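Colleague: Everything below, folded, please.
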Amino acid sequence: MEVFYSYISLMSTAELDILRKELSQWINTISDSSLLQTLNAIKSSSNQSADWWEEISSAERMKIDLGMNDLNDDKTISSKDFWRQLG
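Modeller: Now for the predicted structure:
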C-alpha cells in the first residue's frame, strides 16, 4: 500500500484532476450497495483527524502510558509465555 501512496504523491495536479474525474465517473456507475458503503466508509475515515491520540480518552492514554512504562522497565512477557501461564 505504501508504494501506491508514493505513486499518488508523485502525480501532477493535472494527473490528479484526471484521476478524480475518472473515479467520479466510475462511482456514478456503481450499483453494488456494499461497495458504495465501503467507499463511503473510506471517505468518512479520511475526513477524521489523522492523530488518533487526540481522539482517545484520558483513561485510554493513561493505560497506554502505563503499558509503555512496563515495556521500558522490562516488565513484559512474550505471548508464548502468557498463553503457557493460562494453561
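Colleague: Could you give the number of residues near residue 87?
Modeller: For residue 87, the count of nearby residues is 4 (other CB atoms under 10 Å). Heads up, the C-betas are built off the backbone N, CA and C, glycines and all.
Colleague: How much space separates it from residue 76?
Modeller: Here the criterion is CB to CB, to the nearest Å. By it, residue 87 lies 19 Å from residue 76.
Colleague: hey, where'd the helices end up in this protein?
Modeller: With DSSP state H, the ranges of helices along the chain come out as 2-9, 13-27, 33-46, 58-72, 79-86.
Colleague: Those: lowest mean pLDDT?
Modeller: With a mean of 52, helix 2-9 has the lowest mean pLDDT of those.
Colleague: So which residue is smack in the middle of the chain?
Modeller: Centrality entry for the chain: nearest residue to the mean C-alpha point is residue 45, 8.1 Å, by CA atoms, centre = their mean.
Colleague: returning to what we had before: do you know which of the helices of the chain lies nearest residue 52?
Modeller: Nearest to residue 52 among these is helix 58-72; the distance by CB to CB comes to 10.0 Å.
Colleague: export that closest one as PDB, just CAs?
Modeller: C-alpha atoms of helix 58-72 as PDB (Å, rounded to 0.1, in the frame of the first residue of the first chain):
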ATOM      1  CA  SER A  58      -7.500  10.400  29.000                       C
ATOM      2  CA  ALA A  59      -8.100   7.000  30.700                       C
ATOM      3  CA  GLU A  60      -7.000   5.200  27.500                       C
ATOM      4  CA  ARG A  61      -4.000   7.400  27.200                       C
ATOM      5  CA  MET A  62      -3.000   6.600  30.800                       C
ATOM      6  CA  LYS A  63      -3.300   2.900  30.100                       C
ATOM      7  CA  ILE A  64      -1.100   3.200  27.100                       C
ATOM      8  CA  ASP A  65       1.400   5.200  29.100                       C
ATOM      9  CA  LEU A  66       1.400   2.500  31.800                       C
ATOM     10  CA  GLY A  67       2.000  -0.200  29.200                       C
ATOM     11  CA  MET A  68       4.800   1.800  27.600                       C
ATOM     12  CA  ASN A  69       6.400   2.200  31.100                       C
ATOM     13  CA  ASP A  70       6.100  -1.600  31.600                       C
ATOM     14  CA  LEU A  71       7.800  -2.100  28.300                       C
ATOM     15  CA  ASN A  72      10.600   0.300  29.100                       C
END
